[in-house]
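Chemist: here's my sequence, what's the structure:
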Amino acid sequence: MEKYKIIIADDEEIQREFAKLSILETIKDKEFIFDEVSNGKDLVEKVKTNEYDIAITDNNMPFTDSDDGINATKEIREFNKELPIILVTGCHNFSFKLAEAKVAGINNGLSKPYNMEDLVELVKKYL
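Modeler: Numbers count the residues shown, from 1 in each chain. Presented below is the predicted three-dimensional model:
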């Protein structure tokens, strides 16, 4: 069975659990290993020291002087241009935020609340 490593960054534990369960309950023909962090700084550090197949990051979470996953992505893109990064955000103006995120290096995104099928579709796209 193919094995994939995914990192999920979100300051809300329930959101991390929902993402994991969505993937595990839907994609049965692959094996997954998950790492979890609750802020952008830890996301950057984990990506520096580990290899991941996909990163899923919240937009609004603590990151040093800023509070978004977009800044974490900018920093990750300085040393890793290949990692697929999916942004999840509760931002009220999702299309504007996604356009900003794509400039920063985000590959794709979802607006919260999202359904499991949409997340799984994106994950499958990048596996």
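Chemist: from now on I want contacts and neighbour counts done on CA atoms only, so please keep to that.
Modeler: Will do.
Chemist: what's the neighbour count on the residue lying closest to E13 once chain neighbours are set aside?
Modeler: Leaving aside its sequence neighbours, E13 sits nearest to S38 (Cα to Cα, 6 or more residues apart in numbering; 7.8 Å). S38: 19 surrounding residues under other Cα atoms under 10 Å.
Chemist: one more: V120?
Modeler: A count of nearby residues for V120, using other Cα under 10 Å, gives 18.
Chemist: please name the nearest non-neighbouring residue to K81.
Modeler: Closest residue to K81 apart from its sequence neighbours, by Cα to Cα, 6+ apart: G105 at 8.0 Å.
Chemist: pull the longest helix from the chain.
Modeler: Criterion DSSP state H: the longest helix present in the chain is helix 13-26.
Chemist: contacts for whatever helix or strand comes next after that one next, please.
Modeler: Once the chain leaves helix 13-26, the next helix or strand it forms, by DSSP states H and E, is strand 30-37. Strand 30-37 is touched from outside by 1-11, 16, 20, 24, 43, with contacts defined as Cα atoms under 8 Å, 6 or more residues apart in numbering.
Chemist: which SS class is E75?
Modeler: helix (DSSP: H, G, I helix; E, B strand; the rest coil).
Chemist: contact partners for it?
Modeler: E75 is in contact with V44, counting by Cα under 8 Å, 6+ apart.
Chemist: so D58 bridges to which residues?
Modeler: Beta bridges link D58 to V88, judged by DSSP bridges.
Chemist: quick one: the residue positioned nearest the centre of the chain from L43, how far?
Modeler: The chain has I56 as the residue nearest its centroid, 1.1 Å off, counting by Cα atoms, centre = their mean. Distance, I56 to L43, by Cα to Cα, to the nearest Å: 10 Å.
Chemist: ok, E82 next?
Modeler: 16 Å.
Chemist: between those two, tell me which one has more neighbours.
Modeler: Taking neighbours as other Cα under 10 Å, E82 and L43 compare with L43 leading, 25 against 12.
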